[in-house]
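**Q** give me a 3D structure for the following:
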Amino acid sequence: MYAVTDRLIKQIHASPRMAVIAVTGGGAQTLSWLLRVPGASNTVIEAVAPYSEAALRDFLGSQPDQAVSGETARAMARTAYRRAVRLRPDDRPVTGIACTASIASNRPKRGDHRCHVAAWNDTRVTTYSLVLSKGLRDRSGEDTVVSMLVLKAMAASYGIDFGLSLDLVEGEEIEVEVVSYDDSLEAMLAGHVASVVVSPDGAMSADAAVGGAILSGSFDPLHAGHLELAKTAEDMLHSEITYEISVTNVDKPPLSDQETRARTGQFKGLATVVVTNAEVFHKKAVLFPGRTFVIGVDTADRLVDPRYSGDSPSAMLMALDETRRSGCSFLVAGREQNGTFRTLNDVPVPGEFAEIFSSIPEAKFRSGISSTELRLAGRKG
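**A** Predicted coordinates:
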């Protein structure tokens, strides 16, 4: 068997795609097959076996309703995918592969011997479910079938023809469930991926790394003041600027697909924009560790106002601490409000967090353009 599986695994290792693989209850042979063929470091970012109930709960971040189910396999694959995004060495495409199984053991089992395998990438999740004929194989034999199914799921995610037999018997049939999205933005709006980078030419990349500083806003509409602020921040930080739009907002309804595409379309030919579901900055910081966020003084006010943290001073401080622990900081632009030009000096930043806030001098940037006023003017027109 090694000869035929090795040929397939060599093709997998030759692919640019990488994976995090998580198995529990069965399928562990896949790991040894992958690792025994030279070139595994090209493919395997991490391989884990959260075998106990506590380990599985820790891996998922919550207690699954049922350990062996398609839903749990998908949750494991999603977690594996997100770990792959975080741990990959560059922007190579990644897949999260997961298996949860209940197979023959040293004690009889009342339920079916079964497995669920899932493969999660940026635009698709595919789940494979198989019930094994009870009593036909010993544990090793059942685990071989399960492991081959994991390898089949991995090959399919890599776009490689599996071409091998699982040696299933009459009555054993693999059920396949596929959920796919037309593009990365649709996948992000569905919560399948965490972010989408849209390049000036309109090309999309799911969960891609973002360099430089980030200028967040609703950009409804994008105007000269935004562009001027970006240029000022770019000069001060000696860093490129990426714009960020969150489709969810603390104070407003979520953006529709149509509205999201319209807003990102404003940047075509101008700049890179990243679209997220992160409605607050400590969530943005987790997505983009080590980045500087360029914000206005009104946003800085909200960051240190407990009213925007559920009226909880401790929650506000915890959000700032999470931002700091992510290595992020804020560059604050002043703004005229009620006839007074306010700057970072007017914001009551807690002393222990002063280090993560810095100011854009008024002499470098002062814009009176308001998106709200532009929207109202447009409606009147």
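**Q** tell me how many other residues crowd Asp201.
**A** 8 (other C-beta atoms under 10 Å). Using the backbone N, CA and C atoms, a C-beta is placed for each residue, glycine as well.
**Q** I should have written Ala271 there, sorry.
**A** Neighbours of Ala271 (other C-beta under 10 Å): 19.
**Q** same thing with Asp183?
**A** For Asp183, the neighbour count with other C-beta under 10 Å is 13.
**Q** how about it, what does it touch?
**A** Shown in contact with Asp183 (C-beta atoms under 8 Å, 6 or more residues apart in numbering): Thr123, Met204.
**Q** and for Asp122?
**A** By C-beta under 8 Å, 6+ apart, the contact set of Asp122 is Pro93, Ser184, Ala187, His192, Val193, Ala206, Asp207.
**Q** farthest pair in those residues?
**A** Greatest spatial distance in these: Pro93 and His192, 14.6 Å, computed using C-beta to C-beta.
**Q** looking at these two, which is more packed in?
**A** Shown here are Pro93 and His192; by other C-beta under 10 Å, His192 has more neighbours (21 against 18).
**Q** excluding its backbone neighbours, what's nearest that one?
**A** With C-beta to C-beta, 6 or more residues apart in numbering as the criterion, His192 has its nearest non-adjacent residue at 6.3 Å, and that residue is Tyr181.
**Q** got a markdown table for the contacts of Asp122, with distance to Ser157 too?
**A** Listed next are the contacts of Asp122 as a markdown table, based on distance: C-beta to C-beta, whole Å:
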| residue | distance to Ser157 |
| --- | --- |
| Pro93 | 10 |
| Ser184 | 16 |
| Ala187 | 15 |
| His192 | 14 |
| Val193 | 15 |
| Ala206 | 14 |
| Asp207 | 15 |
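**Q** of those residues, which is the nearest to Ala77?
**A** Nearest to Ala77 out of those is His192 (C-beta to C-beta; 11.2 Å).
**Q** that's a strand at Val125, yeah?
**A** Yes. Looking at Val125 with DSSP: H, G, I helix; E, B strand; the rest coil, it is inside a strand.
**Q** pLDDT score for it?
**A** We have a pLDDT of 98 for Val125.
**Q** that one contacts Ala98, correct?
**A** No. Using C-beta atoms under 8 Å, Val125 makes no contact with Ala98, being 10.1 Å away.
**Q** intersection of neighbour lists for those two?
**A** Overlap of the contact sets of Val125 and Ala98 (by C-beta under 8 Å, 6+ apart) consists of Arg74, Ala77, Ala118, Ala119.
**Q** PyMOL command for the buried members of the residues you listed?
**A** Burial among the shared contacts of Val125 and Ala98 is assessed by 16 or more other C-beta atoms under 10 Å; the matching PyMOL selection reads:
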select buried, resi 74+77+118+119
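**Q** output the contacting helices and strands for the helix or strand that contains Ile45.
**A** Using DSSP states H and E, Ile45 maps to strand 44-48. Packed against strand 44-48 by the contact rule (3 or more C-beta pairs under 8 Å, 6 or more residues apart in numbering; DSSP states H and E) you find strand 18-24, helix 29-36, helix 70-87.
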